[in-house]
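[1] okay, here's the prediction I keep looking at, along with the sequence it came from:
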Amino acid sequence: MAPPPADVADARTGEVHVIVGPMFAGKTTALLRRVNTEAGSGRKVAMIKSSKDNRYATDAVVTHDGTKFPCWALPDLASFKLNYGPQAYQQLDVIGIDEAQFFGDLYEFCCQAADLDGKIIVIAGLDGDYLRRSFGSVLDIIPIADTVTKLTSRCELCGKRAIFTLRKVDETQTELIGGSDVYMPVCRQHYIS
Ligand SMILES: Nc1ncnc2c1ncn2[C@@H]1O[C@H](COP(=O)(O)OP(=O)(O)O)[C@@H](O)[C@H]1O
Ligand SMILES: Cc1cn([C@H]2C[C@H](O)[C@@H](COP(=O)(O)O)O2)c(=O)[nH]c1=O
């Protein structure tokens, strides 16, 4: 059998991995673990987070318990290639994206980066907002994902498995940056009661 043409043989196959769940479920922790493992295997990695969320740092993804990873804080994903540099982008193997619910162009970026550019994309984000409605474009990327992992936290009121994020303040806008001052993880029973 004839070997495949050189451009096909050289093409890297991209992947999309999605980590969702409520706040405090360990999504960022899992994202950093995955990206650190990839970097440890010699792959070139870059991390992106939304510039909307500057709670702990502007230049790093930070977990709720303080683990950090340097990142690009951007208003959208389309600006990543330009900011990072098109040549440096070509060398990249793995792109981590945190707070994915804040990126309106998530689907377009993943299609381009994984399907056409051969990148491994690892995404962490909220699948639902405080009203349990689909949040941003996170659920739109499930059909193009290789894997989907839904993590849970512990209900702050009873210690059972928490699958939802409860907002503790009266503000009603969908996007409201905050941590344990504004939100808590809860089980179904304590969400509805
Ligand atoms: N109110 C809280 N409820 C649960 N976990 C918390 C809380 N505050 C801090 N944590 C810590 O946050 C860790 C998860 O952090 P992180 O990976 O940033 O979660 P996520 O990205 O899902 O919000 C937990 O393992 C726990 O140690
Ligand atoms: C539920 C909910 C959350 N947010 C914000 C609050 C935080 O800034 C991030 C989530 O961060 P985490 O890494 O998952 O802990 O999203 C929001 O804007 N609206 C919501 O309904």
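    That came in fine, so what should we check first? Ligands and ions are numbered 1, 2, ... in the order given.
[2] show me what from this protein comes close to ligand 2.
    With the criterion set to Cβ under 6 Å from any ligand atom, the chain comes near ligand 2 through 23, 27-28, 53, 99, 126, 129-130, 165, 174-178, 183. Bear in mind the C-beta positions are built from the backbone N, C-alpha and C, glycine included.
[3] what's the neighbour count on Glu38?
    Counted by other Cβ atoms under 10 Å, the residues lying close to Glu38 total 17.
[4] cool, and Ala88?
    Around Ala88 there are 12 residues (other Cβ under 10 Å).
[5] am I right that Lys68 is in contact with Lys49?
    No - contact between Lys68 and Lys49 fails when scored by Cβ atoms under 8 Å: they sit 11.3 Å apart.
[6] more crowded one of the two?
    Between Lys68 and Lys49, counting by other Cβ under 10 Å, Lys49 is the more crowded of the two (28 against 13).
[7] identify the bridge partners of that one.
    Ala73, Asp98 (DSSP bridges).
[8] could I get the contacting residues of it?
    61, 71-74, 97-99 (Cβ atoms under 8 Å, 6 or more residues apart in numbering).
[9] roughly how far apart are it and Glu38?
    17 Å (Cβ to Cβ, to the nearest Å).
[10] for the chain, where's the lowest mean pLDDT among helices and strands?
    Across the helices and strands of the chain, mean confidence by mean pLDDT, DSSP states H and E is lowest for helix 6-10: a mean of 49.
[11] next structured bit after that one?
    Next helix or strand after helix 6-10 toward the C-terminus (DSSP states H and E): strand 15-20.
[12] can you pull the buried residues of that next one?
    16-20 (16 or more other Cβ atoms under 10 Å).
[13] dump those into TSV; add distance to Ala57 and pLDDT as well.
    Shown next, in TSV, are these (distance: Cβ to Cβ, whole Å; pLDDT from 0 to 100):
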residue	distance to Ala57	pLDDT
Val16	26	98
His17	24	98
Val18	24	98
Ile19	20	98
Val20	23	98
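[14] tell me the pLDDT of Tyr56.
    As summarised for this prediction, Tyr56 has a pLDDT of 85.
[15] may I ask you to confirm that it is in contact with Val62?
    Yes - using Cβ under 8 Å, Tyr56 is in contact with Val62, at 3.7 Å.
[16] who does the longest helix seen in the chain touch, helix- and strand-wise?
    In the chain, with assignment by DSSP state H, the single longest helix is helix 27-40. Contact here means 3 or more Cβ pairs under 8 Å, 6 or more residues apart in numbering; DSSP states H and E; on that basis helix 27-40 packs against strand 15-20, strand 45-50, strand 60-62, strand 68-70, strand 94-98, strand 120-125.
[17] center of the protein - which residue?
    Ala124 (2.3 Å; Cα atoms, centre = their mean).
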